[in-house]
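Asks: 3D, please:
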Amino acid sequence: MLFLRLLAIVVALALPVAVSAQSKAIQGLPELTKVEVVSSLDKEPQPVLYWAPDKARDEATPLFVFLHSWSGDYRQDNSKWHAQAVERGWIYVHPNFRGVNQTPKACGSKCARQDILDAVDFATKKLKVDTKRIYLAGTSGGGHMAMLMAGHHPDRFSAVSAWVGISDLPAWYEFHVKDGKPQRYARMILSSFGGAPGSSDTIDADYRDRSPIHHMHRAVDLPLQICAGINDGYTGSVPISHSLNAFNAVARARKATVISDADIAHLLNRRGVSSANSPSSKDWKAYGRDVAFEHSAGLAQLIIFGGGHEGLPMPACDWLASQSRAVPPSLAPSISR
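Replies: Just a heads-up that it's a prediction; the model follows:
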């Protein structure tokens, strides 16, 4: 079984990316290398970009997997996140996981989820990865995928940081239907699922499988950071209810205190919350942001910050760097549920 697993993760290409917007976006950032990793689920070659410090050949090194956004693919400019990995001496992996979310095998499908696991396994096979520090993060559509991986595969990561992510795909579909007409993101969802929520039992089961809200209960023992800008949904495309509800799913599974309906209503209207839940974090002052609200439940934390639809690499990576948790060997077979 292990031999077959290794064969499935054959590197077909190992050439520097000829034209990399990511490498050029920040002057002096080392160039990423493109490889193709054969999917262990459907055997289709999948592109992955990566960078590794020289020490990763011989010394156990943290692995940082960053996930592109909803309308992006592995070529998306996420150089600010790449730069954080370089500064910290982490291995950086940027998988494609079937690219833009507008095809059946994208948008959180089993194939897309397996692509991320295969990318982790590729890095573990090629480099010396510190299995206590395998980190995952993503923003927007990447935040959706980060939460989905946390729910489906909580044992494969040491910590997960999800920013302005979508947790409930049917609810997000409805948010992007105006006057009965699906707008851009709703149309992309239709292309991914072949129908709107409620079209059939089969389609509804697929929506459930790909919506993090239904799987977060499995992430109770995983260090998990969920962050959203309080203005998102007004100036951005993902209402903060997606982050609030995802966190509450974890809190309920832990039998911890959930965010109250009253506080959720206040936050959705961008108003203050009760003094009992007033923010206590001081660290975010260093990032030039205020914390509007924060809550924790075991190893999970939620932060609503002053901002919009965005991910902030420095606070995310600072938090990830503080987390350490052993995961099973990355080459162990792991086919997406």
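Asks: mind saving the C-alpha coords of the biggest helix by length in the chain as CSV?
Replies: Across the chain, the longest stretch assigned as helix under DSSP state H is helix 110-126. Output of helix 110-126 as CSV, limited to C-alpha atoms (Å, rounded to 0.1, in the frame of the first residue of the first chain):
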residue,chain,number,x,y,z
LYS,A,110,-13.2,15.0,-2.8
CYS,A,111,-10.7,15.4,-5.6
ALA,A,112,-9.8,18.9,-4.5
ARG,A,113,-9.4,17.8,-0.9
GLN,A,114,-7.2,14.9,-1.9
ASP,A,115,-5.0,17.3,-4.0
ILE,A,116,-4.1,19.2,-0.8
LEU,A,117,-3.3,16.0,1.0
ASP,A,118,-1.2,14.8,-1.9
ALA,A,119,0.7,18.1,-2.0
VAL,A,120,1.5,17.6,1.7
ASP,A,121,2.7,14.1,1.0
PHE,A,122,4.8,15.3,-1.9
ALA,A,123,6.6,17.8,0.4
THR,A,124,7.0,15.2,3.1
LYS,A,125,8.5,12.7,0.6
LYS,A,126,10.9,15.2,-1.0
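Asks: domains of this structure?
Replies: 1-127, 162-168+223-328, 169-210 (automatic domain parsing).
Asks: Output those domains as CSV; include the columns distance to His153.
Replies: Quick note: C-beta positions are derived from backbone N, CA and C, even for glycine. Converted to CSV, those look like this (distance: least, Cβ to Cβ, whole Å):
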stretch, distance to His153
domain 1-127, 7
domain 162-168+223-328, 10
domain 169-210, 13
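Asks: if we compare these, which one ends up closest to Gly151?
Replies: Distance to Gly151, taken as Cβ to Cβ, is lowest for domain 162-168+223-328 among these, at 8.6 Å.
Asks: Now do the end-to-end distance for that closest one.
Replies: By Cα to Cα, to the nearest Å, the extent of domain 162-168+223-328 from end to end equals 22 Å.
Asks: Over to stretch 148-163?
Replies: Taking Cα to Cα, stretch 148-163 runs 12 Å from one end to the other.
Asks: Next, count neighbours for Ala326.
Replies: Counted with other Cβ atoms under 10 Å, the neighbours of Ala326 add up to 11.
Asks: these two touch, right, it and Asp130?
Replies: No - using Cβ atoms under 8 Å, Ala326 is not in contact with Asp130; the gap is 9.6 Å.
Asks: Give me the next element, helix or strand, following the longest helix of the chain.
Replies: strand 129-139 (DSSP states H and E).
Asks: and the longest helix of the chain, which residues are buried?
Replies: 110-126 (16 or more other Cβ atoms under 10 Å).
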